[in-house]
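S.K.: What follows is a predicted structure for the sequence shown.
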Amino acid sequence: MGIQISRLYRRFGTFVALDDVSLTIGDGEFVAVLGPSGSGKTSLLRILAGLDQPDAGSVQRDGHDLLALDARRRGVGLVFQHYALFPHMTVAQNVAFGLRVRPWRLRPKAAVIKASVETLLRKVELDALADRYPAQLSGGQRQRVALARALAIEPRLLLLDEPFGALDAQVRVNLRGWLREFHRSLGITTLFVTHDQDEALEMADRVVVMNRGRIEQIGTPQQIYRQPATPFVSRFIARGQALSGQVQDRHLHLLGQAWSLDGFDTEDAHEMTVHVQPEDIQLAPRYGDGVKAQVIGLRHVAGTVRAHLRVEHRDEPLEAEWNERDWTRHGGAAGDVVDVHFQALTVFGTDREGHVRQRVTIHPPHAGVSVAVGPWRRVEV
Ligand SMILES: Nc1ncnc2c1ncn2[C@@H]1O[C@H](COP(=O)(O)OP(=O)(O)OP(=O)(O)O)[C@@H](O)[C@H]1O
C-alpha cells in the first residue's frame, strides 16, 4: 500500500514552496528527492514528518490520513544534515532517548531499552563506541548514531534530509554504499532528500526530481538519466547542453547534418529544445569524418577525460566526456581540432505555456552507432 501524497500545496506568503505535488511511495521503497536549493525538498519532508501542515492536499498511509496524526504518532524516524545529537549524552544514551521519553505506559523496561540500543549500535557498527560522547566521534560516525537514534522507535517511515551534507567527499561515498545495504537489510520505507545527483542516482530505487516546488519527473535512476522528461531534468541530471538548429522537411539541420525527426510532430510544438549529453559527443573513428571541434580545455577525472570543445555556430563551449584510453589512443592535445560524432540528441517540444508535450531521442543519419543489447553483446545498427 505505502504512502500516497496527493496534490500538496504549501505557500509562504506569496511564495509557493510546494505546487501540486503528488507521489506514491511503495512499502519498503528507497526514494530520493533531488533538486536544487530552494526547490521544496525540505518543505515536503517537514510535512510528512508532522513538523508543518500543507495549505491543501492529502497524505495517506495504507489508506489512513497521515496528516491527521501528530508528529509523535506518525512512526517517523528523522535524520538531518546537522547531527543534532545531544552533546552531554553518550552514544548509547542518545540512541535510547526516543524510547526513554515515551509516555510511561508505552515506555519499554530499562533492560529492554538497553538490549535494543545494543542491537542498533551493532547494526550501525558502532557497538564499540557506546560510551563515547558525540564530540569524540567522526562526522560519519555521528550520522550513524543519528540513524540508530531515528531507528530506535522502530519507525515505519525513515526521512533523511541531506544526511551526508556536512561530511567530506570520501566519507559521503562510503556512507552511500553502507546506507544502501543497510536499507536492504531493514526494508524500511525511506525518503532521502539530496541536491547531489550522484548520491540520488547511485542509491535510490526511484528518484523524484523537483524544481521550483513542482515535480519535474519521477523514475528509476536510469530513466531519469537516459530519458529526461524536461530540459530542466536533462540539464540538472545528465548535463544536457542546448544546441541550436533549423527544422525543415521534418528534419533537424544542425552542425552540418540533417537528423530525421520521425516520431516528432513539429507542427504541434510551439518551441523546440535540443540537448546533447557530454558522453554522446564522441571522437570520430576517422579523421575528416565528423563535426570539427577545437579542444579548448581538458580535465582528467578518474579514468575519463572532460573536454571543452569549441564548435561552429555556438558561443559557449560544449562539454564532452571521453574514455581516457580512447583519448590517449587518439593522441591529441589541448588546442587541437578533432572530429566528433554526436551519437544521440534529445528533442523536447513545448506548448505556449512552456509545458513539455513531446520528447524524442534521435540518432545521427546513417551512422554506425553501436548499441548495447543485453549486458554482454554489442551490435552495429
Ligand atoms: N518558514 C518559511 N517561511 C518562508 N519561506 C520558507 C519557509 N520555509 C521554506 N521557505 C522557502 O520555500 C522554498 C523551499 O524551501 P525548502 O527548504 O523546501 O527547499 P530545499 O529544496 O529543501 O532547499 P535546500 O536544498 O537549500 O535545503 C525556499 O525558497 C525557502 O526560502
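M.R.: Received the coordinates, thanks. Fair warning: this is a prediction, and the values are worked out from it, not measured in the lab.
S.K.: which stretches of the stretch 201-350 of the chain have low pLDDT?
M.R.: Within the stretch 201-350 of the chain, no stretch has pLDDT under 70.
S.K.: what's the average pLDDT for stretch 95-103?
M.R.: For stretch 95-103, mean pLDDT is 83.
S.K.: what's in contact with that stretch?
M.R.: Stretch 95-103 is contacted from outside by 86, 89, 107-108, 113-114, 116-117, 120-121, 145, 148-150, 152-153, using Cβ atoms under 8 Å, 6 or more residues apart in numbering. All C-beta spots, glycine's among them, are computed from the backbone N, C-alpha and C.
S.K.: Which single one of the residues you listed is nearest to the ligand?
M.R.: Using Cβ to the nearest ligand atom, Ala150 is the member of the contacts of stretch 95-103 that lies nearest the ligand, at 18.5 Å.
S.K.: looking at this, the closest one is in a helix?
M.R.: Yes. Assessed by DSSP: H, G, I helix; E, B strand; the rest coil, Ala150 belongs to a helix.
S.K.: Surely it touches Phe80?
M.R.: No. Contact criterion Cβ atoms under 8 Å: Ala150 and Phe80 do not qualify, at 9.7 Å.
S.K.: could you pull out the strands for the stretch 201-350 of the chain?
M.R.: All strands of the stretch 201-350 of the chain, identified by DSSP state E, counting those that start in this stretch, fall at 206-211, 214-219, 241-243, 246-248, 251-254, 257-260, 271-276, 281-283, 291-301, 304-311, 318-323, 337-342, 345-350.
S.K.: Please work out how many residues are found near the residue of the stretch 151-300 of the chain found nearest the ligand.
M.R.: Closest approach between the stretch 151-300 of the chain and the ligand, counting by Cβ to the nearest ligand atom: His195, at 4.8 Å. Neighbour count of His195, defined by other Cβ atoms under 10 Å: 18.
S.K.: and it, how far is that from Gln81?
M.R.: 11 Å (Cβ to Cβ, to the nearest Å).
S.K.: ok, back up a step: for the strands of the stretch 201-350 of the chain, which one ends up most surrounded?
M.R.: Here the criterion is mean neighbour count by mean count of other Cβ atoms under 10 Å, and of these the winner is strand 206-211, at a mean of 24.
S.K.: Between strand 214-219 and that strand, find me the angle.
M.R.: Relative orientation of strand 206-211 versus strand 214-219 (axes from the mean of the first three to the mean of the last three Cα atoms, to 10 degrees): 160 degrees.
S.K.: For the most centrally placed residue in the chain, which three-state class applies?
M.R.: The centroid of the chain falls nearest to Ala200 when counting by Cα atoms, centre = their mean (3.3 Å). Using three-state DSSP, the secondary structure recorded for Ala200 is helix.
S.K.: list the contacts for it?
M.R.: Ala32, Leu34, Phe192, Thr194, Val207, Pro221.
S.K.: about what we covered before: who touches both of His195 and Gln81?
M.R.: Glu162.
S.K.: Which members of the contacts of stretch 95-103 are the farthest-apart pair?
M.R.: Arg107 and Val145 (21.1 Å; Cβ to Cβ).
S.K.: Of the two, which one has the most company?
M.R.: Neighbour totals were compared for Arg107 and Val145, and Val145 leads with 26 against 13 (other Cβ under 10 Å).
S.K.: Looking at the contacts of Ala200, state which has the most neighbours.
M.R.: Leu34 (29 neighbours).
S.K.: and this protein, which of its residues are near the ligand?
M.R.: Residues of the chain lying close to the ligand (Cβ under 6 Å from any ligand atom) are Phe12, Phe15, Ala17, Gly35, Ser37, Gly38, Ser39, Gly40, Lys41, Thr42, Ser43, His195.
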